[in-house]
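> Here's my sequence, what's the structure:
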Amino acid sequence: QVQLVESGGGLVQAGGSLRLSCAASGNIFRLNAMGWYRQAPGKQRELVATLTSDGTTNYADSVKGRFTASRDNAKNTVFLQMNSLKPEDTAVYYCNADVTSYSADYYYSRDYWGQGTQVTVSS
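Reported below is the predicted structural model:
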């Protein structure tokens with residue numbers, strides 16, 4: 001099993017910054033693609049950013065130029081630096097990871113989600 005634990009959420013004024021972290025632990029042979037998603041009240045979960053294992057990033061248009069995703073493969077951790085925050089960024093932010101694990105004599109890959117961390121941006 002693999003666990004993803006997010007941290008770093010909170011309340012911030014518009015224009016402020018927050019840095020989210022997501023630490024993966026457990027039966028990890030390899031962390032593959034990782035990503036950040038968010039879900040605002042009454043809305044569907046949406047993609048914020050993705051990171052491949054080699055560090056290539058992709059962002060939603062709504063956060064380009066303001067958010068930066070990065071990863072520390074040695075620590076199995078991914079980060080989301082959020083600058084110039086807007087009230088519309090208010091949501092629960094979730095970490096997602098595609099993980100290859102090893103069990104007995106075979107490898108398998110699964111998708112995991114963290115429990116989410118609340119980000120609230122006041123106007």
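> Run a quick neighbour tally on residue 83.
14 (other C-beta atoms under 10 Å). Using the backbone N, CA and C atoms, a C-beta is placed for each residue, glycine as well.
> residues contacting it?
Contacts for residue 83 (C-beta atoms under 8 Å, 6 or more residues apart in numbering) come out as 17, 66-68.
> what about 7 Å?
Neighbouring residues of residue 83 by C-beta atoms under 7 Å, 6 or more residues apart in numbering: 17, 66.
> repeat for the one 4 residues further on
Under the criterion of C-beta under 7 Å, 6+ apart, the neighbours of residue 87 are 14, 121-123.
> Past the strand or helix carrying residue 6, which element shows up next along the chain?
Element membership for residue 6, per DSSP states H and E: strand 2-7. Later in the chain than strand 2-7, the nearest helix or strand by DSSP H and E is strand 10-13.
> what mean pLDDT does the helix or strand just after that next one have?
Once strand 10-13 ends, the next helix or strand along the chain (criterion: DSSP H and E) is strand 18-26. For strand 18-26, the mean pLDDT works out to 97.
> do stretch 38-52 as well
96.
> and what of stretch 58-74?
pLDDT averaged over stretch 58-74 gives 95.
> Can you show me the strands along the chain?
2-7, 10-13, 18-26, 30-39, 46-51, 57-59, 67-72, 77-82, 91-103, 106-113, 117-122 (DSSP state E).
> how about the last one as PDB, C-alpha atoms only?
Which is strand 117-122. Output in PDB follows, covering the C-alpha atoms of strand 117-122 (Å, rounded to 0.1, in the frame of the first residue of the first chain):
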ATOM      1  CA  THR A 117      -5.800  20.000   1.900                       C
ATOM      2  CA  GLN A 118      -8.000  23.100   2.100                       C
ATOM      3  CA  VAL A 119      -6.800  26.300   0.400                       C
ATOM      4  CA  THR A 120      -8.900  29.400   1.100                       C
ATOM      5  CA  VAL A 121      -8.100  32.700  -0.600                       C
ATOM      6  CA  SER A 122     -10.000  35.800   0.800                       C
END
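> mean confidence score for it?
Strand 117-122 comes out with an average pLDDT of 98.
> ok so, going back, what's the strand holding residue 6 packed up against?
strand 18-26, strand 91-103, strand 106-113 (3 or more C-beta pairs under 7 Å, 6 or more residues apart in numbering; DSSP states H and E).
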